[in-house]
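1. here is a sequence with its predicted model. Questions after.
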Amino acid sequence: MKKTLLIALSSLVLATGGCVDNLKEYNIDVKNPSQVPGISLVANAQRTLARTVTSTNVNLNPFRLYSQYWTETTYTDESNYDIKTRQIDRSFWDALYAALGNLNEAKRLIPNDKFSSAKVIANQQACTEIMAVYAWSVLVNTYGNVPYTEALDFTKTQPKYDDAKTIYNSLFTRLDAAIAALDPSAEGLGSNDIIYNGDVANWKRFGNSLKLRLAMTIADDDLTKARTLVQQAAPGVFTSLSQQAQANFVATPPNTNPLYEDLVQSGRHDFVGTTLFVDTLKGLNDPRLTIFFNPAAASGTYEGGENGGDNSDYPSYSEAGEKLREPTLPGVLLSYSEVEFLLAEAAARGFTVTGTVTSHYNAAVTASILEWGGSAADASAYLAQRTVAYATAPGTTYREKIGFQKWISLYDQPVMGWTEWRRLDTPRLVAPAGAKSDIPLRLTYPTPESNLNTANYQAASSAIGGDKVSSKLFWDKF
């Protein structure tokens, strides 16, 4: 499913004459257009979102550290939950709202395209809306209540915050409308689409898979609604690795995978695997171990570092594997493996979906192993172990059995790894001894919000039980 990353503006049609009609025309910069096609803004938003959720830059995305896949070597602030010094909460917030701003503007501009049919424009608008729902869901799942109805309006300099659960209800409505509007018989975003290269049928699958994700997210808060939404979405979700939603990066800057920039281009050695995660993979004879990590340079064996501790002797520990250092590694937004785990959980909860808990669990684990370059035989051997097979794996509930393997599979989807750990409470992670707080259950609001949008910030903080990392989101019940 490799496609070229194109984030390009439509060619400008320039006059061929050597003269201008008036002096004002000398002030037109023909190389920097003041207006752009709406679909190019969708591509830019896709790129921003993919880079934001997959990045390992500690100024932006600390979630590999929160999920305890990685820990830091020398500068351990983020492993110990220091969010404010680098203003991580502000950077993540700004990136998501920037993407949403582009998507909002794209929806305004797309109908102005006089060269596209009504069906094509409808498809482009629907794809844009699905991306917006994706971005809003990440924002809500990270902070809780956020500006929504008054956001993205430049006349609202102090937007009110909306209730997170109310936003979710709106997102379901918007998502249903977008899915219904998609027509696979017509073209979509075309080459400006860095996820599906304009394949509308896959966008429809993405929309349903996203609906499945959001529905399962609220299952502990509203089981009846979750069941209805899951049973609506399940027939239309991903059924293979080739359909999963991922941004396809290229080998040349600035459109490489951001991990390549942080792990290779930087020349730094800032991260190693945690003892917990590396030892877990070793204990399970997990075929992904040798892909997720490199052997420690000093010993040639796989060794994890102390979570939140001083791991400055980084040659003694295992750093990220070679596959994660490839500039063209896709940035996954929603994987086929995740969908199968969600269906396994739905079956375990008694929802009406095809297949069984075990069949979907096995498909999820297999999909993850295949995605990382393992073979079907590797997956079969792994699942045959008593410690991995669903019936005999450790744990007494589906939350433990599914949650544990899902935690492993979401290794390179750090935002979702953190989100699903919060929701399923598996595995039982422990904060480092020197941590500033317990493991964050949300990011705090950016400081400019408290300074410049004070009244609305205070109301939002009060509504969620305080602007603290320990304040649970509405769907986090356990």
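-> The structure has been received and is ready for your questions. Numbering: from 1, shown residues only.
2. where do the strands of the stretch 101-250 of the chain begin and end?
-> In chain order, the stretch 101-250 of the chain shows strands spanning 146-147, 161-162, 245-247, with DSSP state E, counting those that start in this stretch as the criterion.
3. distance of the spatially closest residue to Ala177 that is not a sequence neighbour from Leu103?
-> Once flanking residues are discounted, Ala177 sits nearest to Glu129: 7.3 Å by CB to CB, 6 or more residues apart in numbering. The C-beta positions use only the backbone N, C-alpha and C, and glycine is treated the same way. Shown here: Glu129 relative to Leu103, a distance of 8 Å by CB to CB, to the nearest Å.
4. between those two, which has more neighbouring residues?
-> For Glu129 versus Leu103, neighbours defined as other CB atoms under 10 Å are more numerous around Leu103 (28 against 21).
5. can you give me the helices for the stretch 301-450 of the chain?
-> 336-348, 357-371, 376-383, 398-409, 414-424, 447-452 (DSSP state H, counting those that start in this stretch).
6. out of the ones you listed, nearest to Ser471?
-> Ranking those by distance to Ser471, with CB to CB as the measure, places helix 414-424 first at 11.7 Å.
7. average pLDDT across that closest one?
-> Confidence over helix 414-424 (mean pLDDT, whole number) is 98.
8. show me how far that helix is from its chain's centre.
-> In terms of CA atoms, centre = their mean, to the nearest Å, the centre of helix 414-424 is set 10 Å apart from its chain centre.
9. just list what it packs against, helices and strands only.
-> helix 38-54, helix 63-66, helix 118-143, helix 398-409 (3 or more CB pairs under 8 Å, 6 or more residues apart in numbering; DSSP states H and E).
10. determine the angle, from 0 to 180 degrees, between that helix and helix 38-54.
-> Using axes from the mean of the first three to the mean of the last three CA atoms, to 10 degrees, the inter-axis angle of helix 414-424 relative to helix 38-54 is 60 degrees.
11. now stretch 139-151: how far from the chain's centre is it?
-> For stretch 139-151, the distance from its own C-alpha centre to the chain's C-alpha centre is 16 Å (CA atoms, centre = their mean).
12. quick one: contacts of it?
-> Outside of stretch 139-151, the residues within contact range by CB atoms under 8 Å, 6 or more residues apart in numbering are 89, 92-93, 96-97, 100, 136, 156, 159-164, 167-168, 170, 217, 415, 419, 442-443, 445, 456, 460, 463-464, 471, 473-474.
13. quick one: end-to-end length of that stretch, please.
-> Using CA to CA, to the nearest Å, the gap from the first to the last residue of stretch 139-151 comes to 12 Å.
14. do stretch 147-164 as well
-> Its start and end residues considered, stretch 147-164 measures 10 Å (CA to CA).
15. follow-up on the earlier one: columns mean neighbour count on top of the strands of the stretch 101-250 of the chain, output as CSV?
-> As requested, those are arranged in CSV below (neighbours: other CB atoms under 10 Å):
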stretch, mean neighbour count
strand 146-147, 22
strand 161-162, 22
strand 245-247, 24
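16. now render the ones you listed as JSON lines, adding mean pLDDT and distance to Tyr411.
-> Putting those into JSON lines (pLDDT from 0 to 100; distance: least, CB to CB, whole Å) gives the following:
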{"stretch": "strand 146-147", "mean pLDDT": "98", "distance to Tyr411": "27"}
{"stretch": "strand 161-162", "mean pLDDT": "98", "distance to Tyr411": "33"}
{"stretch": "strand 245-247", "mean pLDDT": "98", "distance to Tyr411": "15"}
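17. rewinding a little: would you tell me which of the helices and strands packed on helix 414-424 gets closest to Pro253?
-> With distances scored as CB to CB, the stretch of the helices and strands packed on helix 414-424 nearest to Pro253 is helix 38-54 (12.2 Å).
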